[in-house]
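Asks: Quick one, structure for this:
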Amino acid sequence: MFGFSDFTGFLLALLFIYPIVSLIHELGHSFFAWLFGGKFKFSLGRGRIIFQKGPFILNSMYFLDAFCEYEQLKWNNRLSHFLVHAGGVIFNLGSVLVLNLLISQNIIEPHPIWVRYSYFSVWIATFSLLPVDYGDENYSDGLSIYHVIRNHKWPKLTG
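Replies: Residues are numbered from 1 along each chain as shown. Below is the predicted model of the structure:
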């Protein structure tokens, strides 16, 4: 049964946890683009811009979506492009591993928020790896990784 306490948990997840998970995902792409000498920008949400600082854009519907774009990498090879496209998944799953390590070492207390964070992180990582062509040469992380490995093609990053 979906009760009032479930609704408040849903709102907490939608308005705070999911955007943080999306931010971690886009930071993963951005980190590897930066590491390999590329210029990047990333946006959290859709709608009108409410904050912009350097490569970061925060939109009014910050909980709706996120994306990262990067330009030519200084180190332009298969490994660098693979890591840029896999960076979001690496950061999402890596953050769950770090979180579990911190809990197992009694550094932080177990809490339902950590369960929700882990759930959304694994969810985003899993669905990012599905090979999907969104049209107009926009690919999921999984299909982009496939093109990098199989075809030596450097697809644009919009994930």
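Asks: From the centroid of the chain, which residue is nearest?
Replies: Central residue of the chain (Cα atoms, centre = their mean): residue 25, 1.8 Å from the mean position.
Asks: Once you drop chain neighbours, what's closest to that residue?
Replies: Take residue 25 and drop its neighbours on the chain: the residue closest to it by Cβ to Cβ, 6 or more residues apart in numbering is residue 88, 3.8 Å away. All C-beta atoms are positioned from the backbone trio N, CA, C, and that covers glycine.
Asks: Over to residue 68: give its phi and psi.
Replies: When read as degrees, to the nearest 10, the backbone of residue 68 gives phi -130, psi 140.
Asks: What is the burial count for it?
Replies: Residues lying near residue 68 (other Cβ atoms under 10 Å) number 25.
Asks: so it touches residue 38, yeah?
Replies: No. Counting by Cβ atoms under 8 Å, residue 68 does not reach residue 38; the two are 10.5 Å apart.
Asks: Let me know whether residue 122 touches residue 93 as I believe.
Replies: Yes. Counting by Cβ under 8 Å, residue 93 is a contact partner of residue 122 at 7.2 Å.
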